[in-house]
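Student: Just a sequence and a predicted model for now, questions to come.
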Amino acid sequence: MHGTIVVLTDKRTLDEDEHYCPWADYEMRRWIPGCDCVIRDDPAGFQESLQYLNEAYGLDIRRMEVTIDGGDRLETGILDRECLQSLMAALQKDKEERLERVRKELGKLEPNMWQIADNAYMDSNVYFVVVTIDDGPSFRNEMDFYHSMRNEAGPLYVVATYRFHV
């Protein structure tokens, strides 16, 4: 299985040029169950990852080049309020589907606890690195991201993407 790691930041952190992923790829690899490699996307891979997110979650992430401190230009994707709401709705639907699979497993005579853990929480095709000056960096799977960010107003900026293999 292949997946995507999305690095997100807010406007203030982007303006202060503190938006970089604080962890090396080999560190993030250890946090994804069964992962054997993590590779940062090049510009073409970044575009592919944004397209994947759009298709997987039914989003419309706009691409935009921004100028950051020092005049450097950075290609980003913007998750505005509407886009974030769509992402949260898609993750809510995913959560409900996960819960249904857990209920089905619990209904068995001998439920598989590993399967329950995987269905409920651990299985994730997308991980999110959220970097903000106010809260510091965090590494979250889809369900963590949903629970911690569902009240986020946005916008958030996609500043980098990585690919991983499990």
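Tutor: Good, I have the coordinates.
Student: Which pLDDT value goes with the residue nearest to residue 133 when sequence neighbours are not counted?
Tutor: Spatial nearest neighbour of residue 133, excluding adjacent residues (Cβ to Cβ, 6 or more residues apart in numbering): residue 13 at 4.9 Å. No exception for glycine: its C-beta is placed from N, CA and C like everyone else's. Residue 13 carries a pLDDT score of 87 in this model.
Student: Next, residue 13: secondary structure please.
Tutor: Assigned state for residue 13: helix (three-state reduction, DSSP: H, G, I helix; E, B strand; the rest coil).
Student: hang on, it packs against residue 135?
Tutor: No. Counting by Cβ atoms under 8 Å, residue 13 stays clear of residue 135, with 9.5 Å between them.
Student: who's more crowded, those two?
Tutor: residue 13 (22 against 11; other Cβ atoms under 10 Å).
Student: Show me where this structure dips below the pLDDT cut-off.
Tutor: Scanning the chain for pLDDT under 70 picks out 69-70.
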